[in-house]
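Asker: Sequence and predicted structure below; questions after.
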Amino acid sequence: MTIVAGIHAVAEFLRATPERVLRLSVQRDRRDEALASLIREARAQDIQVSQVSRDALNRISEGTVHQGVAAHCQEFQPQSESEFETFFESLTDPLLLAIEGVQDPRNLGACLRSAAGAGVDAVLLPRNRSAPLSSAAFKSASGALSSLFVVGVGNLARRIEWLQDQGVWVVGTDDQAEKQYTDYEYGASTLVVVGSEDAGLRELTKDRCDALVSIPMAGTVPSLNVSVATGIVLYECVRQRAIRDTAE
């Protein structure tokens with residue numbers, strides 16, 4: 001079972017995938033319209049609603065800020081690589097994201113939220129060396145996981161090579177890269193690869209990329225949070241695509 005906590009995250013699951021919501025736990029002494037609306041929506045879909053104490057809800061939500069509600073959902077399982085290959089055949093000029101080595105589930109969730117906002121077609125998550133898709137990740141994603149195609153990857157370097165064979169250009173983010181992210185011409189089919197909070201991309205992954213790009217920094221801050229950097233690069237891809245579409 002997966003716990004999804006927070007008003008916005010629960011509301012998105014009720015809207016997009018209500019069949020995955022088994023029941024709601026709501027704080028019995030909390031009264032506000034947003035929470036009341038979720039209760040009405042759940043009951044309209046025959047989803048059980050349990051009134052619990054704040055302490056019980058704190059335990060259920062595993063320390064995540066819950067805003068008075070947590071949804072007990074069927075466990076989220078990333079798609080398999082074979083399912084991804086089948087799905088990939090249906091895509092035209094895909095925009096993909098790979099997230100390597102991110103350890104903080106809140107950062108992982110924020111990256112997924114940026115991916116959903118940018119219209120990413122699929123997100124690749126290594127099965128090892130990655131934060132779990134926990135309640136904190138679901139909360140930070142604000143419901144993005146209900147609309148994203150997320151695939152668990154056993155060997156990211158090998159999957160990158162497979163994508164390159166399919167005509168996908170692979171662009172990695174690297175603080176030390178000479179080319180800035182705005183100076184790169186992203187291909188029609190692009191995989192953006194971002195790395196861990198501390199070390200960034202592994203050398204093996206960098207070697208597999210067609211290009212490495214950096215985000216220029218002013219002042220004394222050496223780098224951006226990985227989720228912020230993810231959003232910036234993805235939206236540059238989106239911007240360039242819009243210009244190409246207009247020109248055509």
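Answerer: Nice, I can see it. Predicted, not measured: the structure shown is a model, and the values here were computed from it.

Asker: So which residues of the chain form strands?
Answerer: All strands of the chain, identified by DSSP state E, fall at 2-5, 21-27, 48-52, 69-73, 95-99, 122-126, 150-153, 169-173, 190-194, 211-213.

Asker: just checking, what packs against the second one?
Answerer: Meaning strand 21-27. Contact here means 3 or more CB pairs under 8 Å, 6 or more residues apart in numbering; DSSP states H and E; on that basis strand 21-27 packs against helix 7-16, helix 33-44, strand 48-52, helix 54-60, strand 69-73. Any C-beta I mention is one placed from the backbone N, CA and C, and that applies to glycine too.

Asker: Show me what that strand pairs with in its sheet, parallel or antiparallel.
Answerer: Here strand 21-27 is paired, per DSSP bridges, with strand 48-52 (parallel), strand 69-73 (antiparallel).

Asker: would you turn those into JSON lines with mean neighbour count, mean pLDDT and distance to residue 229?
Answerer: As requested, the strands paired with strand 21-27 are exported to JSON lines (neighbours: other CB atoms under 10 Å; pLDDT from 0 to 100; distance: least, CB to CB, whole Å):
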{"stretch": "strand 48-52", "mean neighbour count": "14", "mean pLDDT": "95", "distance to residue 229": "39"}
{"stretch": "strand 69-73", "mean neighbour count": "25", "mean pLDDT": "92", "distance to residue 229": "29"}
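
Asker: So which of these is nearest residue 206?
Answerer: Evaluated over the strands paired with strand 21-27, closeness to residue 206 peaks at strand 69-73, with 36.4 Å, by CB to CB.

Asker: Could you export the closest one as CSV, CA atoms only?
Answerer: In CSV, the C-alpha atoms belonging to strand 69-73 read as follows (Å, rounded to 0.1, in the frame of the first residue of the first chain):
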residue,chain,number,x,y,z
VAL,A,69,-5.9,13.9,5.0
ALA,A,70,-4.1,10.8,3.7
ALA,A,71,-5.2,8.4,1.1
HIS,A,72,-4.4,4.7,1.3
CYS,A,73,-3.7,3.7,-2.3
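
Asker: still on that earlier bit, can I get the strands of the chain in CSV with distance to residue 204?
Answerer: Shown next, in CSV, are the strands of the chain (distance: least, CB to CB, whole Å):
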stretch, distance to residue 204
strand 2-5, 31
strand 21-27, 40
strand 48-52, 47
strand 69-73, 35
strand 95-99, 13
strand 122-126, 12
strand 150-153, 14
strand 169-173, 11
strand 190-194, 12
strand 211-213, 13
